[in-house]
Every structure is written in structure tokens, then in C-alpha cells.
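**Student:** Okay, structure incoming, though there's no sequence with it:
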């Protein structure tokens with residue numbers, strides 16, 4: 001079998017997926033360790049049986065819903081090539097809004113202390129590190145496996161730029177910070193979204209804090225007051241229907257200039273405020 005024939009099989013098998021033809025090519029590129037342009041330029045290239053079998057296995061896993069990012073082990077975020085695995089939440093385009101909103105409030109040459117709470121793959125911390133080279137970037141993560149992956153990403157993308165800490169949320173940090181940012185779990189444990197799409201395969205602790213969808217955000221909003229400098233910024237990603245509740249929570253705990261930013265689909269997605 002050659003590249004053309006294998007891709008034809010893959011496209012047919014993945015025809016039920018919205019991006020089936022593209023995913024067939026991405027998975028073939030993964031197996032052959034070649035870019036998609038090479039596939040187009042070499043349709044008659046013969047394949048080893050081991051390559052064919054490996055490709056068929058990946059395609060079948062995708063047919064059964066496994067995320068393409070986990071199958072390839074990669075996901076781009078903020079134009080950064082991140083390694084991902086089932087140990088971490090898959091970085092999503094919506095989270096780039098959180099980075100964008102935070103960057104808009106950090107002067108280009110600022111030497112601020114910033115912490116990404118629950119960093120997962122390191123996506124947010126690394127995006128901030130590459131955009132604000134004078135800032136001191138910290139990242140916390142409870143999961144040992146996730147922290148290991150985040151460190152791998154940092155070594156490849158921004159060596160020495162992020163200081164990692166293992167522990168729950170703010171607990172492993174010392175001193176005051178100018179910016180605290182987080183994409184915490186914000187889906188209630190009984191929500192049907194947890195049984196759909198990529199969520200079915202992602203780590204539960206990265207998706208849900210339990211029955212109370214706002215439990216993690218409530219804890220962080222409260223505890224962050226002990227870690228923020230005067231006028232320090234706290235910013236969250238949250239669910240599309242949680243903007244009003246998060247704003248009120250922050251206001252009740254003494255934050256000021258609280259506002260919510262909408263995503264590209266005009267839904268509440270990021271809320272931020274200043275303390276002190």
C-alpha cells in the first residue's frame with residue numbers, strides 16, 4: 001500500500017468527523033514523521049506494513065472519539081507547539097482570550113511577578129513568558145504527570161523562563177504577585193458536557209471541581225487576596241453562563257474594576273478584577 005491508498009482509506013473511515021479529511025492527513029503525517037506537503041508530493045511512496053498498521057490503529061481510535069491532540073501528542077496554542085497527553089487538559093482557542101486580556105494589562109517592558117494557577121500543559125504560562133520576557137513567571141500544578149509535561153514544554157519553548165511549583169493552587173507560592181491567572185475546572189460534576197466530545201477523555205480534575213461548578217473559582221478568588229500586590233490583577237476563564245456569578249463573587253470579596261470579556265461567539269468567557 002502507498003500513501004495515496006492509505007489516505008483514501010483514512011478519509012473514508014473518518015468521513016463522519018467534521019474535519020475527517022484533514023485529520024486523516026494529520027495522522028498519516030504523524031506516523032510517517034513527515035509534513036502534509038510531503039504527503040501530497042509523494043502519493044506513490046510505498047509503506048511498511050508496520051506503518052500501515054500503526055495508521056489504522058490511530059484512525060480507529062479517532063473514529064471512537066479519542067481527541068486528535070492526544071493521538072498526535074501535540075496541540076498548538078498561541079502559535080506555540082505544545083506537547084499534550086491524557087494527563088492534561090487540551091489547550092483550547094477560548095483560552096487564548098484569557099492570555100490576550102491579561103497581556104493587554106501588562107506593559108511591554110514590565111518586570112512583574114505573574115503566576116499561572118493550575119498550569120496543566122503550561123500553555124498560559126509559556127504564552128505569557130514569550131510575550132513578556134522581563135516578567136517573572138511562576139506556574140503551579142497539583143498533578144505530578146501534568147507538571148512533568150509542562151516542564152518539557154518549557155524546556156523546548158522558553159528554557160528557564162518559567163518557575164514551576166508542585167502543589168494545589170496558591171499553596172506552593174511565596175511572596176506577592178502582580179498578576180494571578182487561571183483556567184480552573186468550572187463544569188459541575190453532573191453536567192452532561194462531561195460526557196461529550198474531548199471531555200470524555202480529559203482528566204476529570206481539570207474539568208470539574210465537583211457538584212459546585214464555581215468551587216475552584218470561589219476558593220481562588222478568596223485566597224488570591226493574600227497573594228496579590230496592591231492593585232494586583234486576578235483573571236479567570238469560566239463557563240459561558242457563569243460571568244454574572246463570577247463578577248458578583250469578585251465584587252463581594254472586595255475586587256474592583258471587575259469586568260467580563262466575551263469570546264468570539266459573544267459568550268461570557270473571561271472575568272478579571274483588581275484587588276487593593
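**Tutor:** Ah, there it is. Every value quoted in this text rests on a predicted model; they were computed, and no experiment measured them. Residues are numbered from 1 along each chain as shown.
**Student:** Domain boundaries for the chain, per the record?
**Tutor:** 3-64, 74-275 (automatic domain parsing).
**Student:** any idea which of the ones you listed is most buried?
**Tutor:** Per residue and on average, the most neighbours among the domains of the chain fall to domain 74-275, with a mean of 18 (mean count of other Cβ atoms under 10 Å). The C-beta positions use only the backbone N, C-alpha and C, and glycine is treated the same way.
**Student:** For it, measure first residue to last.
**Tutor:** Domain 74-275 has an end-to-end distance of 37 Å (Cα to Cα, to the nearest Å).
**Student:** can you give me the strands in the stretch 101-250 of the chain?
**Tutor:** 113-117, 136-141, 162-166, 177-182, 228-237 (DSSP state E, counting those that start in this stretch).
**Student:** Same list, those, but as a markdown table with mean pLDDT and distance to residue 74 please.
**Tutor:** Putting the strands of the stretch 101-250 of the chain into a markdown table (pLDDT from 0 to 100; distance: least, Cβ to Cβ, whole Å) gives the following:
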| stretch | mean pLDDT | distance to residue 74 |
| --- | --- | --- |
| strand 113-117 | 99 | 20 |
| strand 136-141 | 99 | 19 |
| strand 162-166 | 99 | 19 |
| strand 177-182 | 99 | 23 |
| strand 228-237 | 98 | 22 |
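**Student:** Out of these, the one nearest residue 263 is which?
**Tutor:** Closest to residue 263 of these is strand 228-237 (Cβ to Cβ; 9.4 Å).
**Student:** Tell me what angle the closest one forms with strand 177-182.
**Tutor:** Counting by axes from the mean of the first three to the mean of the last three Cα atoms, to 10 degrees, strand 228-237 points 20 degrees away from the direction of strand 177-182.
**Student:** I'd like to check the angle between strand 228-237 and strand 113-117, please.
**Tutor:** Angle of strand 228-237 versus strand 113-117, following the same axes, to 10 degrees, is 40 degrees.
**Student:** Helix, strand, or coil at residue 272?
**Tutor:** Following DSSP: H, G, I helix; E, B strand; the rest coil, residue 272 is assigned to strand.
**Student:** do you know how far it is from residue 237?
**Tutor:** As for residue 272, its distance to residue 237 is 10 Å (criterion: Cβ to Cβ, to the nearest Å).
**Student:** Now do the shared contacts for the two.
**Tutor:** Common contact partners of residue 272 and residue 237 (Cβ atoms under 8 Å, 6 or more residues apart in numbering): none.
**Student:** residue nearest the centroid of the chain?
**Tutor:** Residue closest to the average C-alpha location in the chain (Cα atoms, centre = their mean): residue 91, at 2.4 Å.
**Student:** For that residue, grab phi and psi.
**Tutor:** Residue 91 adopts backbone torsions of phi -60, psi 140, taken as degrees, to the nearest 10.
**Student:** shouldn't it be in contact with residue 75?
**Tutor:** Yes: counting by Cβ atoms under 8 Å, residue 75 is a contact partner of residue 91 at 5.3 Å.
**Student:** okay, and the common contacts of the two?
**Tutor:** 82, 84, 121.
**Student:** From these, which land in helices?
**Tutor:** Residues from the shared contacts of residue 91 and residue 75 lying in helices, with DSSP state H as the criterion: none.
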